[in-house]
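Engineer: Provided below for reference: sequence and predicted model.
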Amino acid sequence: MTSNTTKMLSLISLPKDVLALIISFIRLKCNLRHVYRTCRALHCVAIAPLYHHITIRENYNRTKLTTAFTPENPGLQHVRHLTILGGDGKYRRASTSLDYVLLLVGNLLPRDVLLTFT
């Protein structure tokens, strides 16, 4: 046997659609983040499911949220579902922090990408 026939394929040498199928079985966001940060090839495939559904809680870190909602963030184009929760899991309208979140979402999220907004 030659070395070419015994050479094993690496994960990142698979086509992107196959990688996307494999990554679709990862359910936990923390695990998706680990895959996302592994290498550029996996970053390109893992970014869509990582940003597909975003939940913002009332006790969010304002600096972290502002960093996430920048025009340079390539993940924002993949957001399809956005949920904003109050401290007890319920939506609250009378809040300056909620106004800030809505301002960020309205100004920085690409137009016509959301399927649900709750």
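Structural biologist: Structure received. Residues are numbered from 1 along each chain as shown.

Engineer: how near is the residue minimising distance to the centre of the chain to Leu109?
Structural biologist: A centroid search over the chain (CA atoms, centre = their mean) returns Tyr51, at 1.9 Å, as the residue closest to the centre. Distance of Tyr51 to Leu109, given as CB to CB, to the nearest Å: 11 Å. The way it works is simple: take the backbone N, C-alpha and C, and place the C-beta from them, glycine included.

Engineer: next one: Arg62
Structural biologist: Distance, Arg62 to Leu109, by CB to CB: 17 Å.

Engineer: Of those two, which one has the most company?
Structural biologist: Leu109 (18 against 11; other CB atoms under 10 Å).

Engineer: Torsion angles phi and psi at the more buried one?
Structural biologist: phi -80, psi 130 (degrees, to the nearest 10).

Engineer: count of residues packed around Thr116?
Structural biologist: 9.

Engineer: Oops, could you answer that again for Leu50 instead?
Structural biologist: 20.

Engineer: nearest spatial neighbour of Cys44, skipping sequence neighbours?
Structural biologist: Closest residue in space to Cys44, ignoring its immediate chain neighbours: Lys16 at 7.1 Å, by CB to CB, 6 or more residues apart in numbering.

Engineer: hang on, the earlier thing: next, show the common contact partners of Tyr51 and Leu109.
Structural biologist: Residues touching both Tyr51 and Leu109 (CB atoms under 8 Å, 6 or more residues apart in numbering) are 76, 79.

Engineer: Where do the strands of this structure begin and end?
Structural biologist: Using DSSP state E, the strands of the chain run over 53-57, 81-85, 116-117.

Engineer: Leu104 is nearest to which of those strands?
Structural biologist: strand 53-57 (9.1 Å; CB to CB).

Engineer: Does the closest one pack against any helices or strands, and if so which?
Structural biologist: strand 81-85 (3 or more CB pairs under 8 Å, 6 or more residues apart in numbering; DSSP states H and E).

Engineer: Can you work out which other helices and strands pack against the strand it packs on?
Structural biologist: Contacts defined by 3+ CB pairs under 8 Å, 6+ apart place strand 81-85 against strand 53-57, helix 96-108, strand 116-117.
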